[in-house]
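dropping a prediction and its sequence here:
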Amino acid sequence: MSGPRVGCSAGRRWGLLGVMAALLALVGAAAVDVADKSTSRSAKGSQPSGAAGAGGSGAGAPADPPPVPGLLPNMRILPADKVVIDTAGKGRRLRFDATLVNVGAGPLELIPQDLARCPRGQRHVAQAVYQDGDDDGRFDRKVDRERSTVAAGCMLFHPDHDHWHIDGSAAYALTRADDTVPVVAQNKVSFCLRDSDRLVKGSGPPKHYGECARNRVQGITVGWTDLYDASLAGQALELAPTLPDGDYCLRLRADPADLLRETNEDDNGSTALVRISGNRVSTPATVRCSA
Ligand SMILES: [Ca+2]
Ligand SMILES: [Ca+2]
Ligand SMILES: [Ca+2]
């Protein structure tokens, strides 16, 4: 078991600096991917595994799905942190922390519920959307109990992590800093979605989601993060031996195939600059990621 549950909840070491970085990332435009322009939304709610990328509607694309009333989550992803080059084994891998956050009005909650077909061995999940029972614009689990569900993709067993993941939770790409074309990418990264740490220490609702078994509900509470530590299996991008030294941009995206209904579909990307020099990584001070 090379990527155990312990690693998936390794957010305990999210300290003050991490929280500050999170807040800066969320309130400041600088770290947010300005290329994050996709405002169209294909009807992908029941789309099975196999899709990749942010997608978009063009000629002949299906119409946008009707809005879902209720207290929706808002998924974001913090800029990659603790970026290192791993040379253990063959080749080089760029490893980094990735952290999903929910800054919406309601919880992200995914229920194993076979509403639609998924690839063999996987399960379909539905997104629960809670109604605002007391009409105060905020989610309170004791008050806002009524909910509806909408199809939201598939879950799969991850053998290295030894539990069930929600497929397509994130996507990673490395581009040259002055370009947006990936030199390497993972277009569908699955996560065990659960509450790792509060985004702001001491505030907000209590932890609620924590188990990633086959029949358990997964999710992220409002104001909570889900950290994937750099040491976890799959939490890396393979670097080609021919990749030249230089300045690169590590571009992360939450919900890349737009399987989840959110209050804001246009803020799901983040960027982090990395300077690669052999097997060393640093942060260039005067370079920006190309939009
Ligand atoms: Ca979002
Ligand atoms: Ca409420
Ligand atoms: Ca979405």
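On my side now, so go ahead. Ligands and ions are numbered 1, 2, ... in the order given.

can you pull the contacts of residue 230?
Contact partners of residue 230, counting by Cβ atoms under 8 Å, 6 or more residues apart in numbering, are 82, 83, 84, 95, 96, 97, 236. C-beta coordinates here come from the backbone N, C-alpha and C atoms, glycine included.

quick one: buried ones out of those?
83, 84, 95, 96, 97, 236 (16 or more other Cβ atoms under 10 Å).

burial measure for residue 242, as a count.
6 (other Cβ atoms under 10 Å).

how near is it to residue 77?
29 Å (Cβ to Cβ, to the nearest Å).

could you do residue 142 as well?
30 Å.

which one's more surrounded, these two?
Higher neighbour count among residue 142 and residue 77: residue 77, with 29 against 6, using other Cβ under 10 Å.

gap between that one and residue 91?
Residue 77 is 26 Å from residue 91, by Cβ to Cβ.

just the strands in the stretch 1-150 of the chain please.
75-77, 81-86, 92-102, 108-112, 123-130, 147-158 (DSSP state E, counting those that start in this stretch).

does the longest one come close to ligand 3?
No - taking Cβ under 5 Å from the ion as the criterion, strand 147-158 and ligand 3 are apart, separated by no less than 9.4 Å.

touching ligand 3 at all, the following helix or strand past that strand?
Downstream of strand 147-158, the first helix or strand assigned by DSSP states H and E is strand 163-176. No - contact of strand 163-176 with ligand 3 (Cβ under 5 Å from the ion) is absent, the minimum separation being 10.4 Å.

so which elements touch strand 163-176?
strand 92-102, strand 147-158, strand 182-191, strand 236-239, strand 246-254 (3 or more Cβ pairs under 8 Å, 6 or more residues apart in numbering; DSSP states H and E).

now the ones you listed as CSV including distance to residue 224?
Putting the helices and strands packed on strand 163-176 into CSV (distance: least, Cβ to Cβ, whole Å) gives the following:
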stretch, distance to residue 224
strand 92-102, 6
strand 147-158, 19
strand 182-191, 13
strand 236-239, 25
strand 246-254, 14
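
which among those is found nearest to residue 113?
With Cβ to Cβ as the measure, strand 147-158 is the member of these nearest residue 113 (6.6 Å).

mind listing what that closest one pairs with, with the direction of each?
Note on strand 147-158: by DSSP bridges, its sheet partners are strand 123-130 (antiparallel), strand 163-176 (antiparallel).

for the longest one, list the C-alpha coordinates in CSV.
As requested, the backbone C-alpha atoms of strand 163-176 are provided in CSV (Å, rounded to 0.1, in the frame of the first residue of the first chain):
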residue,chain,number,x,y,z
HIS,A,163,-9.7,3.3,-1.2
TRP,A,164,-12.3,4.8,-3.6
HIS,A,165,-11.7,8.0,-5.5
ILE,A,166,-13.9,10.4,-7.4
ASP,A,167,-12.6,10.4,-10.9
GLY,A,168,-11.7,13.7,-12.7
SER,A,169,-11.4,15.8,-9.5
ALA,A,170,-8.4,17.7,-10.8
ALA,A,171,-6.0,18.1,-13.7
TYR,A,172,-2.3,19.0,-13.8
ALA,A,173,-0.2,20.5,-16.6
LEU,A,174,3.3,21.8,-16.9
THR,A,175,3.9,24.4,-19.6
ARG,A,176,6.8,26.6,-20.4
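
pLDDT of that strand, averaged?
The average pLDDT within strand 163-176 is 95.

so it versus strand 182-191, what angle?
160 degrees (axes from the mean of the first three to the mean of the last three Cα atoms, to 10 degrees).

cool, and the shortest one?
For strand 123-130 against strand 182-191, the angle by the same axes, to 10 degrees is 80 degrees.

which one of the strands paired with strand 147-158 is the most hemmed in?
Comparing the strands paired with strand 147-158 by mean neighbour count (mean count of other Cβ atoms under 10 Å), strand 163-176 ranks first with a mean of 23.
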